[in-house]
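Student: Here you go, sequence then predicted model.
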Amino acid sequence: MALFLAIDLGTTGCRSMVIEDSLRQLSGSYMEYPLFTPQKNWVEQNAEDWWRCTVETAKQAIFKAGVDADQIDAISVSSQGITFVPVDRELKPLCRALTWLDGRAEEQTQWIKQSLGELDMFRLTGKPVLSCYMLPKLLWLRDNAPYLFRTAWKYLMPLDYLMAKLTGRCITDHTMASGTLMYDIRNHCWSSQVLQACGIDPDKLPELLWSGANAGPLCAQAAAELGLREDCVVAVGAQDQRCASLGAGLADGVMTVSLGTAAAICKLWKAPPDTDDMRIGWSAYLSDTTWVTEGVLSTAATCLRWVRDTMFPGADYTLVSREASEAHRRGSRMLFYPYMSGPTSPDNYPDSTGCFYGVDLGAKRGDFALAVMEGVAFQIRILLEAMNAYPAVREIVLFGGGAKSDIWPQIIADVTGLTVRIPQSEEAGVTGAAILAGIASGHFHADIPPALPIARTIHPSDRRENYAKQYADYRSIEKKLWAQGGTVK
């Protein structure tokens, strides 16, 4: 039996788990770290917290697992993307990391659009030009902190920083690079065109390797801090949603949906983008013959939590689901548009906000809960259609907090018309990191990686036809509310 240490470095916390080669999770430990907002639209993080929490949670997870640290065969990382920090040669951060939530670089975003062209950038990188990506924030650093920009040894994303601390090598993978706006998605390399146009030294970027590659053994200092063997294999990790898709079993005909605070809907492709439709972003995946499209709902399960906290004070989700089921049996037709934090893909209506439609004096709180579940399901179908998922896709693997519901997965199956499968564990991202550790150490084959076992399978019911009609109404009303000035095609 092989044992892997999997690290999940998220936006607000770090989770470490010890996982067997059967993908059984033996133990886990979690620690949070803060976000800093010193000015409007600035969202920063202390990069040293990433390593501190990695070390502490890893040691706790190994202790809880009741195994000797020498038994750990390999380690890998699932990481938040887009965030970056400039460092010196000793890997000391020169300032706080600029996170993916940071929106300060709007001026630089507009410059990229005007100077390099939105469509040309999409064709090159697979991404729309948005201020959340690394390149605009890197240009903000160039324009507003030129000394840091000029003297930094490397610009590292969270995965890169941990890989450097673990191995002494500044390495990133292709899924992380895909979130920078500096990556050539067809040729799988840093884009010399973009770097030259923006005055960015390519030597300041990390080396590109594929996820699951063997990055080498632990360096002596990391081994000492973690208590692991120096010959413990370090696998190149990946961006967290790519790790989650791997853990959940993304494949031909199988899409993955992470139904958490936000929702990420992912589809596998065997060819790079051949479309100019910029509504859906593309990413490299785990090899030079696979790509992924990802649609994101910025608020998903968090909308149901809002309903629970607002209308069901002190209650748990069991009551929320029960009353939503009662509304379902009554034939409730209330509609909900989950734009609770503004525009979301694929249509990105610029003035959109969260909206309940069809509320009358007979409405009960269960109607609101049901409307949220159905609204998120309708948005998933919108993204499936935008990704040309039909008819090739047969099923969805659904994971995350929302997948625990008794009713929500059935609604998603009925709305999309697809079979929904729910894994035994919601920890798909950290499982994906363990799979990469297994690939690098020779325990798994990259071409046929394992995936989490399935606990439940839900097939579309006879409500599917009714939902097809309701979906048509949903889209029609949506366009009347926001399409004037939006980007619906």
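Tutor: Arrived safely, thanks for sending.
Student: what's near enough to touch Gly358?
Tutor: 333-335 (CB atoms under 8 Å, 6 or more residues apart in numbering). C-beta here means a position set from N, CA and C on the backbone, and glycine is covered the same way.
Student: for the residues you listed, which one is nearest Asp406?
Tutor: Proximity of the contacts of Gly358 to Asp406 (CB to CB) peaks at Met334, which lies at 19.9 Å.
Student: For the closest residue to the closest one other than its chain neighbours, give me the pLDDT.
Tutor: Nearest non-adjacent residue to Met334, counting by CB to CB, 6 or more residues apart in numbering: Ala371, 4.2 Å away. With respect to pLDDT, Ala371 has a value of 97.
Student: ditto for the one 3 residues further on
Tutor: Among the per-residue scores, Glu374 holds a pLDDT of 97.
Student: isn't Ala213 right next to Val233, touching?
Tutor: No. Under the criterion of CB atoms under 8 Å, Ala213 makes no contact with Val233, lying 10.4 Å away.
Student: Give the residues shared as contacts by these two.
Tutor: Here Ala213 and Val233 share the contacting residues Ala440, scored by CB under 8 Å, 6+ apart.
Student: For these two, indicate the residue with more neighbours.
Tutor: Per other CB atoms under 10 Å, whichever of Ala213 and Val233 has more neighbours is Val233, with 23 against 16.
Student: check contacts around that one.
Tutor: 73-75, 214, 217, 437, 440-441.
Student: again, only using 10 Å
Tutor: 4, 72-76, 214-218, 437-443 (CB atoms under 10 Å, 6 or more residues apart in numbering).
Student: Model confidence for the closest residue to it other than its chain neighbours, exactly?
Tutor: Spatial nearest neighbour of Val233, chain neighbours left out: Ala74 (3.9 Å); criterion: CB to CB, 6+ apart. Ala74 is assigned a predicted lDDT (pLDDT) of 97.
Student: Pretty sure Ala74 sits against Gly442.
Tutor: Yes. Taking CB atoms under 10 Å as the definition, Ala74 is a contact partner of Gly442 at 9.0 Å.
Student: Pull the distance from the helix or strand hosting Leu481 to the chain's centre.
Tutor: Assigned by DSSP states H and E, Leu481 belongs to helix 464-482. Distance of helix 464-482 from its chain centroid, counting by CA atoms, centre = their mean, to the nearest Å, is 28 Å.
Student: buried sites along that helix?
Tutor: In terms of neighbour count (16 or more other CB atoms under 10 Å), helix 464-482 has its buried residues at 467, 470-471, 474-475, 478, 481-482.
Student: Output the below-cut-off pLDDT ranges for this structure.
Tutor: 483-489 (pLDDT under 70).
Student: ok, the buried residues of helix 464-482 vs Tyr339, which is closest?
Tutor: Of the buried residues of helix 464-482, the one sitting nearest to Tyr339 (CB to CB) turns out to be Trp482, at 8.3 Å.
Student: okay, stretch 145-155 in PDB with CA atoms only?
Tutor: Only the C-alpha atoms of stretch 145-155 are listed here, as PDB (Å, rounded to 0.1, in the frame of the first residue of the first chain):
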ATOM      1  CA  ALA A 145       6.000  49.500  -8.100                       C
ATOM      2  CA  PRO A 146       8.700  49.400 -10.800                       C
ATOM      3  CA  TYR A 147      11.500  48.600  -8.300                       C
ATOM      4  CA  LEU A 148       9.800  45.400  -7.200                       C
ATOM      5  CA  PHE A 149       9.000  44.600 -10.800                       C
ATOM      6  CA  ARG A 150      12.500  45.100 -11.900                       C
ATOM      7  CA  THR A 151      14.400  43.500  -9.000                       C
ATOM      8  CA  ALA A 152      12.200  40.400  -8.400                       C
ATOM      9  CA  TRP A 153      14.000  37.200  -9.100                       C
ATOM     10  CA  LYS A 154      10.800  35.300 -10.000                       C
ATOM     11  CA  TYR A 155       7.000  35.900 -10.200                       C
END
